[in-house]
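Asks: Fold the following for me, if possible:
(2 chains)
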Amino acid sequence: MGESLYSRKDREGAVAGDHRDGMDQPELVWLTAYRDGNVEAMGKLVEYYRRSLFGFILRMTEGRGDAEEIFQEVWLRVIKSQHRYHHRNFKSWLFRIAHNLVIDRVRKQRPVVDLQAGALDDGENVFETRVADPALPAADQLDARELGSRIAEAVRTLPPDQREVFLLRTEAQLPFKQIAGIQGTSINTALARMQYALAKLRTLLKTEYQQLQGDPT
Amino acid sequence: MNCERVRELLLLTASGEAPADSRDLLARHLAACPDCRRFDAETRWILAAAADAPLEADVSEWTLARIAAAAQDGPLPAVRADRRAHPAVRVSWRPALAYAAAALVMVGLGIGYLRRAAPGPEVAALAPAAPAVVLAWDPALDQELDTLDAVLTLAFEDVEEPAPESAEDIVTDLARLEGWEI
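Replies: Numbering: from 1, shown residues only, chains lettered A, B, ... in the order given. I've put the predicted structure just below:
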């Protein structure tokens, strides 16, 4: 693969995106208020990230129990080390903590080898090869809830690195530069992982997409 | 611009990271490439559907309560605020606290000592009746008593079978040795 468009001349755009994400964030207001003694501000901060953070952790781990433990541990670490937080982007810091805890949890558990992970991965897998791979049910009739369930199942079949990039984009809405920083890789690798993830999801969800588009084929 | 780079750029556009001057390039390529148009449409659909997909579970109230409790027990945010706003406070309050603690300990020890040292009313009433020897207690007398104790010890050890002796006899012998009047 040749040099990415991004790597050639898009650095300024990425920096501009970071700056935009880092300004006027309500979470920084709440964090400052908590530092000044307002305990309720931490509750607002937790609630603000409740869906995105728990959704990311839930779909990166096996089961609700693990997800709850990691979710709690993330916030305990935020509370414990918030006085040391000097980064401009709180969201990136928060999800980096979650990323590290998810990796720790996966490494402590017994690895389950997934042959598909190696076939689609890009060779920079920082996780153990432990992926659940449930089969998708046949798509006959589709409603919104069922579609959401099938998408969640399809996402769960992705190799962990690709799944993480996908979830950090869709759940956390993080830009690729920050995703690359969390994964400790280059932005080109993060983009490649997203492309692999989308390719697999496109295949798995082809029937659902065609149904929604009214395509009989 | 090939399709692979266009698809990267589409992802960067969606995340707000694409350069401003890429818009025209993308538009021209998409107008001429049905595969990339399909990629763009499917990608938008997948990302939107995934973002809207309901979670299989939610955080329990128990977990939220534990986080709230931890926030309540956090690292003393009010104190930290004072320390940030007034650095001099950080320097001065610790020694002051140490001095206050030391003063409390000293006062406590002093009160305990005085309560032990000061004679109560019963002891004070008995004191005038104490023998003159006791009231005139001095180091020299203490030394003599030690000597007497040593003498008595040696005397008892020299007796193979010590004869039973009444307490009255012992006191009489002791008084004779010291020249006391009984």
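
Asks: Would you map the helices across chain B?
Replies: For chain B, the helices defined by DSSP state H occupy B:3-14, B:22-32, B:34-52, B:61-72, B:77-85, B:87-117, B:121-126, B:132-135, B:139-158, B:167-178.

Asks: which stretch in those is the model least sure about?
Replies: Note on the helices of chain B: helix B:77-85 shows the lowest mean pLDDT, a mean of 43.

Asks: Hmm, residue A:151 and residue B:56 touching each other?
Replies: No: counting by Cβ atoms under 8 Å, residue B:56 stays clear of residue A:151, with 11.4 Å between them. No exception for glycine: its C-beta is placed from N, CA and C like everyone else's.

Asks: out of those two, which sits in the more crowded spot?
Replies: Neighbour totals were compared for residue B:56 and residue A:151, and residue A:151 leads with 22 against 16 (other Cβ atoms under 10 Å in any protein chain shown).

Asks: any idea how far the one helix or strand the more buried one maps to is from the chain center?
Replies: Assessed by DSSP states H and E, residue A:151 sits inside helix A:144-156. Offset of helix A:144-156 from its chain centre (Cα atoms, centre = their mean, to the nearest Å): 16 Å.

Asks: same question for that helix, mean pLDDT?
Replies: Across helix A:144-156, the average pLDDT comes to 84.

Asks: May I have the next helix or strand after that helix as PDB, with CA atoms only?
Replies: Sequence-wise, the next helix or strand downstream of helix A:144-156 (DSSP H and E) is helix A:160-170. Backbone C-alpha positions of helix A:160-170 (Å, rounded to 0.1, in the frame of the first residue of the first chain) are rendered in PDB as follows:
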ATOM      1  CA  PRO A 160     -10.400  -7.400  18.900                       C
ATOM      2  CA  ASP A 161      -8.200  -4.700  17.400                       C
ATOM      3  CA  GLN A 162     -10.600  -4.100  14.600                       C
ATOM      4  CA  ARG A 163     -13.600  -4.300  17.000                       C
ATOM      5  CA  GLU A 164     -11.900  -1.700  19.200                       C
ATOM      6  CA  VAL A 165     -11.300   0.700  16.400                       C
ATOM      7  CA  PHE A 166     -14.900   0.300  15.200                       C
ATOM      8  CA  LEU A 167     -16.300   0.800  18.700                       C
ATOM      9  CA  LEU A 168     -14.100   3.800  19.500                       C
ATOM     10  CA  ARG A 169     -15.500   5.400  16.300                       C
ATOM     11  CA  THR A 170     -19.100   4.500  16.800                       C
END
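
Asks: list the helices and strands helix A:160-170 packs on?
Replies: Here helix A:160-170 touches helix A:50-60, helix A:90-108, helix A:144-156, helix A:176-183, helix A:187-204, helix B:34-52, going by 3 or more Cβ pairs under 8 Å, 6 or more residues apart in numbering or on different chains; DSSP states H and E.

Asks: Show me what the first one is in contact with.
Replies: In this case it means helix A:50-60. A:64, A:67, A:70-71, A:74, A:94-95, A:98, A:102, A:152, A:155-156, A:160, A:163-164, A:167-168, A:171-173, B:55-59 (Cβ atoms under 8 Å, 6 or more residues apart in numbering or on different chains).

Asks: Using CSV, list the CA coordinates for it.
Replies: Taking Å, rounded to 0.1, in the frame of the first residue of the first chain, the C-alpha atoms of helix A:50-60 are listed here in CSV:
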residue,chain,number,x,y,z
ARG,A,50,-22.6,6.1,30.8
ARG,A,51,-23.8,4.8,27.4
SER,A,52,-20.6,5.3,25.3
LEU,A,53,-18.1,4.0,27.9
PHE,A,54,-20.2,1.0,29.0
GLY,A,55,-21.2,0.2,25.4
PHE,A,56,-17.5,0.1,24.5
ILE,A,57,-16.5,-2.0,27.4
LEU,A,58,-19.5,-4.3,27.1
ARG,A,59,-18.8,-5.1,23.5
MET,A,60,-15.1,-5.5,24.1
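
Asks: re the thing from before, between the helices and strands packed on helix A:160-170, which one is closest to residue B:107.
Replies: Evaluated over these, closeness to residue B:107 peaks at helix A:90-108, with 48.2 Å, by Cβ to Cβ.
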